[in-house]
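> coords please:
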Amino acid sequence: MGGSRVSDVERQAIGQLLVRLLAEFRSDLAGPRAEAGFGDVRDAHLQIFGNIRMGGVRLTELASRAQLSLSATSELVNDLENLGYLAREPDPSDRRAKLIVLSKRGQSLMAAAGVRVADIERRWAAVVGDDDFAHMCATMQLLLDRLNAAD
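Predicted coordinates for the structure are as follows:
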């Protein structure tokens, strides 16, 4: 496996940077969830909430978006449905299929998470500066867009 073009002295490898920032983000996001009334949400559930679409999504698309197996996604969705965060509704485009949608409780959680994410972004931008934070976000989005366009 090839090494990074940047020496370890200058910075960590890109994979480590991404993993550590994601862990930091998830920890910060999850911190006050119990106080907000969502203490039954586990870290594994975040992969589902981070990939659910407004208006609903089929299980196969959710599994693909979450980069999980169909069985793992189904287990997490079942768990979140039992906890009252998700529901299954008929897909209007194919009544035989089901869409996974946010329940009212799930919508409340997502609204609270949105406020928390905005707070995290504000605090992180204060650490590195607004311009550098905006540039980092724009660069990551550009990279994702171009990598996805190449697929």
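> which strands and helices sit next to the helix or strand harbouring L144?
Under DSSP states H and E, the secondary-structure element containing L144 is helix 130-150. For helix 130-150, the helices and strands in contact under the criterion 3 or more Cβ pairs under 8 Å, 6 or more residues apart in numbering; DSSP states H and E are helix 104-128. For the C-beta atoms, the positions are set from N, CA and C on the backbone; glycine is no exception.
> and the angle for the helix it packs on with helix 130-150?
Angular relation of helix 104-128 and helix 130-150 on a 0 to 180 degree scale: 120 degrees, by axes from the mean of the first three to the mean of the last three Cα atoms, to 10 degrees.
> Buried residues of the helix holding L144, list them for me.
Along helix 130-150, these residues count as buried under the neighbour rule (16 or more other Cβ atoms under 10 Å): F133.
> got the contact list for it?
Counting by Cβ atoms under 8 Å, 6 or more residues apart in numbering, helix 130-150 makes contact with E121, W124, A125, V128, all of which sit outside it.
> Any idea which residue is closest to the centre of the protein?
With distances taken as Cα atoms, centre = their mean, the chain has G50 as the residue nearest its mean C-alpha position (2.7 Å).
> tell me the contacts of E89?
By Cβ under 8 Å, 6+ apart, E89 lies in contact with G56, K98, L99, V101.
> Strands - which of those land there?
Secondary structure assignment by DSSP state E places K98, L99, V101 of the contacts of E89 in strands.
> which residues touch the last one?
Contacts of V101 were listed using Cβ under 8 Å, 6+ apart, and they are G55, G56, L86, A87, R88, E89.
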